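A.B. asks: Starting from these lines, generate the structure:
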Amino acid sequence: MEMSSNNKPVAGAEIKVAGASPTDSDQEGRFILNFTASLPGDPLMINDIYKKGFKIVNYEKVANWNISSASELKIVLGRTEVINALRKKYYDIGESNSEKESRKTLAELEELKKQNALSAVEYDQKVDSMSKSMMEWQKRLEIYALKFACINRDELDAMEKQAMELLDHGDVHGAIRLYEEMKLDSAMTLKIAVRQEAKEDMKLLLPSLVNNFQLLKQADDKVACDSVAHLIYEMAADIKLKLMSVEWFFQRNDPSEVLDQYSLIVKDTQSMQEIELVESSLRQSLKEVKLKGELKKKAQLVFERIEDRKKWISIKEKI
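C.D. replies: Below is the predicted model of the structure:
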């Protein structure tokens with residue numbers, strides 16, 4: 001089928017699959033694969049799908065197919081010139097909006113500097129930070145401009161329709177944020193909930209979660225960051241990833257709860273390097289907040305547990 005065309009068939013697309021003879025789609029866009037040795041349920045290994053002037057846009061789904069004697073396998077192809085045009089359109093809109101926002105922010109910083117509300121050093125630091133954020137946004141925009149250009153409007157769920165509406169109104173930033181939330185909250189969270197026993201599958205999701213967390217932080221989407229940070233904290237075995245989450249929680253949640261999480265991480269440490277990472281992380285987090293009374297005592301108790309854990313690890317390593 002052709003992307004975003006009311007399911008218009010694509011004839012003459014060549015499909016090459018391991019274990020079956022090459023075949024072409026007919027005038028109705030249909031094709032039949034005949035396997036000599038493979039059985040229903042075996043993975044379908046795609047070698048190539050080719051049609052001049054077209055590009056496959058649902059490869060992620062195609063790559064996860066299994067051989068079936070009954071199911072229809074839908075391949076969606078997009079015209080290369082259409083994809084390229086949409087990609088440029090979304091990128092240009094996103095870049096234009098970002099440049100306007102950057103000019104506005106820069107003007108505000110210059111005004112603060114004139115009023116001596118910002119020192120020269122602070123001004124330079126903020127401008128440098130803004131420049132780095134702009135570069136990161138451009139990289140992110142390149143990725144999502146292509147992703148949006150390859151979305152098949154013939155098959156959208158409610159959330160994707162909402163994202164497309166934002167794009168059609170020129171809100172590329174909003175569409176990116178909504179799209180990320182949709183993918184995280186629906187696909188990833190659902191996959192984790194349904195397949196809790198699949199530990200290896202969870203490990204494969206972690207890098208994607210961490211990457212999305214960093215992107216959402218850059219977009220200053222605090223609510224989405226909260227959701228992803230909780231997923232990372234629950235799934236990660238790596239102390240560094242757990243610490244990344246609790247450092248975020250310290251900025252957003254009740255300090256008492258976060259100190260409890262630090263205490264739990266202390267119990268999980270098995271090496272001097274890990275416990276020193278926890279100690280360093282806690283000290284850095286405490287620089288951002290001022291604890292008083294019972295909270296201050298609770299933080300001190302965590303440091304005492306860290307020292308006790310160091311002694312335990314030291315004894316263990318000598319045995």
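A.B. asks: so how far is the biggest helix by length in the chain off the chain centroid?
C.D. replies: The residue-count maximum for a helix in the chain (DSSP state H) belongs to helix 80-114. Put simply, helix 80-114 sits 22 Å off its chain's centre (Cα atoms, centre = their mean, to the nearest Å).
A.B. asks: Where does the spatially most central residue of the chain sit: helix, strand or coil?
C.D. replies: Of all residues in the chain, the one closest to the mean position by Cα atoms, centre = their mean is N212, 2.5 Å from it. Three-state assignment for N212 (DSSP: H, G, I helix; E, B strand; the rest coil): helix.
A.B. asks: That one against V228, yeah?
C.D. replies: Yes - proximity of N212 to V228 meets the contact threshold set by Cβ atoms under 8 Å, at 5.8 Å. For the C-beta atoms, the positions are set from N, CA and C on the backbone; glycine is no exception.
A.B. asks: Please name the residues that touch I275.
C.D. replies: Under the criterion of Cβ atoms under 8 Å, 6 or more residues apart in numbering, the neighbours of I275 are 266, 269, 306, 309-310, 313.
A.B. asks: How about it, nearest residue that isn't a chain neighbour?
C.D. replies: The shortest distance from I275 to any residue other than its chain neighbours is 4.4 Å, reached at T269 (Cβ to Cβ, 6 or more residues apart in numbering).
A.B. asks: I'd assumed V278 was in contact with that neighbour.
C.D. replies: Yes - at 6.2 Å, T269 counts as touching V278 under the criterion of Cβ under 8 Å.
A.B. asks: The two: which has the busier surroundings?
C.D. replies: Comparing T269 with V278 by other Cβ atoms under 10 Å, the one with more neighbours is V278, at 24 against 20.
A.B. asks: Does that one lie in a helix or a strand, and which?
C.D. replies: Taking DSSP states H and E as the definition, V278 sits inside helix 272-287.
A.B. asks: just how off-centre is that helix within its chain?
C.D. replies: Using Cα atoms, centre = their mean, the offset of helix 272-287 from its chain centre is 26 Å.
A.B. asks: buried stuff in the host helix or strand of K132?
C.D. replies: Following DSSP H and E, one finds K132 within helix 120-149. Judged by neighbour count using 16 or more other Cβ atoms under 10 Å, the buried positions of helix 120-149 are 123, 126-127, 133, 137, 140-141, 144-145, 148-149.
A.B. asks: These into a markdown table, with extra columns for distance to M45 and pLDDT?
C.D. replies: Output for the buried residues of helix 120-149, formatted as a markdown table (distance: Cβ to Cβ, whole Å; pLDDT from 0 to 100):
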| residue | distance to M45 | pLDDT |
| --- | --- | --- |
| Y123 | 57 | 91 |
| K126 | 52 | 90 |
| V127 | 52 | 90 |
| S133 | 42 | 86 |
| W137 | 38 | 86 |
| R140 | 32 | 84 |
| L141 | 34 | 89 |
| Y144 | 29 | 88 |
| A145 | 30 | 91 |
| F148 | 29 | 90 |
| A149 | 27 | 92 |
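A.B. asks: Which one of these is nearest to L206?
C.D. replies: Nearest to L206 out of the buried residues of helix 120-149 is R140 (Cβ to Cβ; 19.7 Å).
A.B. asks: Check what pLDDT the residue nearest to the closest one when sequence neighbours are not counted gets.
C.D. replies: Counting by Cβ to Cβ, 6+ apart, R140 lies nearest to L215, which is 5.9 Å off, once chain neighbours are set aside. We have a pLDDT of 81 for L215.
A.B. asks: Ok, Y262 next?
C.D. replies: Note on Y262: pLDDT of 91.
A.B. asks: what about it, distance to E111?
C.D. replies: 41 Å (Cβ to Cβ, to the nearest Å).
A.B. asks: L291 too?
C.D. replies: L291 is 36 Å from E111, where distance means Cβ to Cβ.
A.B. asks: Looking at these two, which is more packed in?
C.D. replies: Between L291 and E111, counting by other Cβ under 10 Å, L291 is the more crowded of the two (15 against 11).
A.B. asks: Surely the more buried one is in contact with L301?
C.D. replies: No - here L291 lies out of contact with L301, judged by Cβ under 8 Å, at a distance of 11.8 Å.
A.B. asks: Pipe the buried residues of helix 120-149 into TSV and attach distance to Y90 per row.
C.D. replies: Output for the buried residues of helix 120-149, formatted as TSV (distance: Cβ to Cβ, whole Å):
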residue	distance to Y90
Y123	33
K126	28
V127	27
S133	19
W137	13
R140	12
L141	8
Y144	7
A145	4
F148	5
A149	6
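A.B. asks: Show me the shaky parts of the chain.
C.D. replies: Along the chain, the parts satisfying pLDDT under 70 run over 64, 69-71, 159, 180, 182-205, 319.
A.B. asks: Mark out where each domain of it begins and ends.
C.D. replies: As given by automatic domain parsing, the domain ranges for the chain are 81-152, 156-235, 247-319.
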